[in-house]
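Chemist: got a sequence here, can you build the structure:
(chains A, B, C and D)
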There are 2 protein chains.
Amino acid sequence: MESQTTKEKIVREALRLFSQNGFDAVSVEQIAAAVGIKAPSLYKHYKSKWAIFDAIFDEMQRRYDEETKSMNLHLSNAATDRQMFAEMTVDKLVEQVKALVSYSLHDELVSRFRRLMTIEQFRSEGLAALYTERYVMRMLEYHEALFRGMIQAGVLRGGDPRSMAWQYVSPILIFLSLCDRQPEKEAEVLDEIEKHIRQFHKIYKEENKK
Amino acid sequence: MESQTTKEKIVREALRLFSQNGFDAVSVEQIAAAVGIKAPSLYKHYKSKWAIFDAIFDEMQRRYDEETKSMNLHLSNAATDRQMFAEMTVDKLVEQVKALVSYSLHDELVSRFRRLMTIEQFRSEGLAALYTERYVMRMLEYHEALFRGMIQAGVLRGGDPRSMAWQYVSPILIFLSLCDRQPEKEAEVLDEIEKHIRQFHKIYKEENKK
DNA sequence: GTCTATATCCAGATAGAC
DNA sequence: GTCTATCTGGATATAGAC
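Modeler: You can find the predicted model right below:
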């Protein structure tokens, strides 16, 4: 792991600070101090405070595109491999969600950026659309495709995969936002989420068909 | 309808402005201009900008307490009147949600205050707890009690009422936050929500018991 | 690329006349 | 209760030496 350049440190520390109280509440001097330089030095790396904000978004967009690529790869592989859907048990779903939630909550950049987006989402229509795309629609559509495959594979009983995806995904999203706000509740609500997934699976698994 | 005092107008306009980009992005001069006075005059009504912020919360707390009182009244009446649970059909649920969502989205104070809370929720543990209580737990617990009553009345099949409440309530909360961000999507997502409720009811109604 | 010194601006808030 | 004039502090950003 090579060490960070000053330019990278600025983005990292700015994200950390912005994700607490938002863009306006943080001064360039605070960012510079966190990096270990004086405010004017910072302007050799970025031409304005807003340029730092933009750089955060550029960096997170790069990561997002990578993840999306591998997610699409995963699903389209699964689509040609019915066996993968057939083997998607409730334990695998629980495991998948725990991995996702754990990553989302504890990855420094991911969780801080989500908080920043939550704070700044109303500033422009572009930010609003970005939020919906990244934190709602992507997860919804991924699970819609997953459940459609599971229905076709005979693992889940028939139904509207989109409504099923809403019912499955929404509690997880609410859980994430709850932990962003109150990290001390993580264990408590994680327990509720496992119950949710098992309840969801119990309700929709093929054996319960009427 | 009596006209507003200047003091009330300040709270109202401050909430409108704060709910766009947050507390820091709004100047006292902007608030004063919206009210139709100069900034220094405003200090005859509130001793600081933060005092205006606090006044918003006091006013909304008052309304919240009133609503909670009538909600509790409603539920405890229902508890002694099994008939009310028995008559809770899917159409009544749809109607109830449409009324709630419509009110939450279009009531000026309610929707603006929710946006403000969304922006400012990370500023203190108190605000975080307030957000969770008002926008998550109250609705969850109300529906948990509702579903428990419906199960006992034989309208819904047995199951964990809390998990059921999470599955029912979360998509509605996600929908609200989506419309706060992108009001133009209201019709589109309202449609998904009705599908969600009908799907939920179909899955849980007593006749589908295996 | 970092620093000190500084320009410039605008915010929150006060004083005091009317 | 409203105004004009003003204070004071802190913010973004620049100039220019090292």
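Chemist: please count neighbours and contacts with C-alpha atoms only from this point.
Modeler: Fine.
Chemist: what about the longest helix in chain A?
Modeler: Assignment by DSSP state H gives helix A:49-80 as the longest helix of chain A.
Chemist: I figured A:Ile151 was touching A:Ala145, is that so?
Modeler: No. In this structure A:Ile151 lies outside contact range of A:Ala145 using CA atoms under 8 Å: 9.9 Å.
Chemist: mind checking which of these two has more residues around it?
Modeler: Shown here are A:Ile151 and A:Ala145; by other CA atoms under 10 Å in any protein chain shown, A:Ile151 has more neighbours (21 against 18).
Chemist: give me the element the more buried one is part of.
Modeler: Secondary structure from DSSP states H and E places A:Ile151 in helix A:138-152.
Chemist: and the angle for that helix with helix A:49-80?
Modeler: With axes from the mean of the first three to the mean of the last three CA atoms, to 10 degrees as the basis, helix A:138-152 and helix A:49-80 are set at 0 degrees to each other.
Chemist: picking that back up, contacts for the helix or strand that comes right after the longest helix of chain A, please.
Modeler: Counting by DSSP H and E, the next helix or strand C-terminal to helix A:49-80 is helix A:82-86. Under the criterion CA atoms under 8 Å, 6 or more residues apart in numbering or on different chains, residues A:Ala78, A:Leu146, A:Gly149, A:Met150, A:Ala153, A:Gly154, A:Val155 lie in contact with helix A:82-86.
Chemist: format those residues as JSON lines; extra columns: distance to A:Arg63.
Modeler: Converted to JSON lines, these look like this (distance: CA to CA, whole Å):
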{"residue": "A:Ala78", "distance to A:Arg63": "23"}
{"residue": "A:Leu146", "distance to A:Arg63": "23"}
{"residue": "A:Gly149", "distance to A:Arg63": "27"}
{"residue": "A:Met150", "distance to A:Arg63": "29"}
{"residue": "A:Ala153", "distance to A:Arg63": "32"}
{"residue": "A:Gly154", "distance to A:Arg63": "35"}
{"residue": "A:Val155", "distance to A:Arg63": "33"}
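Chemist: just those: which has the poorest pLDDT?
Modeler: Among these, A:Ala78 has the lowest pLDDT, at 87.
Chemist: for the helix holding A:Ile151, buried residues please.
Modeler: A:Met139, A:Leu140, A:Glu141, A:His143, A:Glu144, A:Ala145, A:Leu146, A:Phe147, A:Arg148, A:Gly149, A:Met150, A:Ile151 (16 or more other CA atoms under 10 Å in any protein chain shown).
Chemist: sorry, back to before: closest to B:Glu29 out of the contacts of helix A:82-86?
Modeler: Distances from B:Glu29 to the contacts of helix A:82-86, taken as CA to CA, are shortest for A:Leu146 (52.6 Å).
Chemist: ok, the closest one - contacts?
Modeler: A:Leu75, A:Phe85.
Chemist: so it versus DNA strand D, what's the distance?
Modeler: Remark: distance between A:Leu146 and DNA strand D (CA to the nearest atom of the strand, to the nearest Å) = 45 Å.
Chemist: how many other residues sit next to A:Ser163?
Modeler: Residues near A:Ser163, counting by other CA under 10 Å: 22.
Chemist: again with the one 10 residues further on
Modeler: If you count neighbours by other CA under 10 Å, A:Leu173 ends up with 19.
Chemist: so what's it up against?
Modeler: Per CA under 8 Å, 6+ apart, neighbours of A:Leu173: A:Tyr135, A:Val136, B:Ile174.
Chemist: out of the contacts of helix A:82-86, which is nearest to chain B?
Modeler: A:Val155 (16.5 Å; CA to the nearest CA).
Chemist: would you agree that closest one is in contact with A:Ile203?
Modeler: No. Using CA under 8 Å, A:Val155 makes no contact with A:Ile203, being 12.0 Å away.
Chemist: distance between stretch A:107-126 and the chain's centre?
Modeler: 10 Å (CA atoms, centre = their mean, to the nearest Å).
Chemist: in chain A, what secondary structure element scores lowest on mean pLDDT?
Modeler: Here the helix or strand of chain A ranked lowest by mean pLDDT, DSSP states H and E is helix A:82-86, holding a mean of 89.
Chemist: packing partners for the helix or strand just after that helix?
Modeler: Heading C-terminal from helix A:82-86, the first helix or strand you meet, by DSSP H and E, is helix A:90-106. Judged by 3 or more CA pairs under 8 Å, 6 or more residues apart in numbering or on different chains; DSSP states H and E, helix A:90-106 is in contact with helix A:108-120, helix A:161-181, helix A:186-204.
Chemist: most tightly surrounded among those helices?
Modeler: helix A:161-181 (a mean of 22; mean count of other CA atoms under 10 Å in any protein chain shown).
Chemist: in CSV, list the C-alpha atoms belonging to that helix.
Modeler: Extracted as CSV, the C-alpha positions of helix A:161-181 are listed here (Å, rounded to 0.1, in the frame of the first residue of the first chain):
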residue,chain,number,x,y,z
PRO,A,161,-40.6,-9.4,-8.6
ARG,A,162,-40.6,-5.6,-8.3
SER,A,163,-43.0,-5.4,-5.3
MET,A,164,-41.0,-8.3,-3.8
ALA,A,165,-37.8,-6.3,-4.3
TRP,A,166,-39.3,-3.2,-2.6
GLN,A,167,-40.4,-5.3,0.4
TYR,A,168,-37.0,-6.9,0.6
VAL,A,169,-34.8,-3.9,0.0
SER,A,170,-36.6,-1.1,1.8
PRO,A,171,-36.1,-2.4,5.3
ILE,A,172,-32.4,-2.8,4.6
LEU,A,173,-32.2,0.8,3.3
ILE,A,174,-34.0,2.0,6.4
PHE,A,175,-31.7,0.0,8.5
LEU,A,176,-28.6,1.6,6.9
SER,A,177,-29.9,5.1,7.4
LEU,A,178,-30.7,4.3,11.0
CYS,A,179,-27.2,3.1,11.7
ASP,A,180,-25.7,6.1,9.9
ARG,A,181,-27.6,8.2,12.4
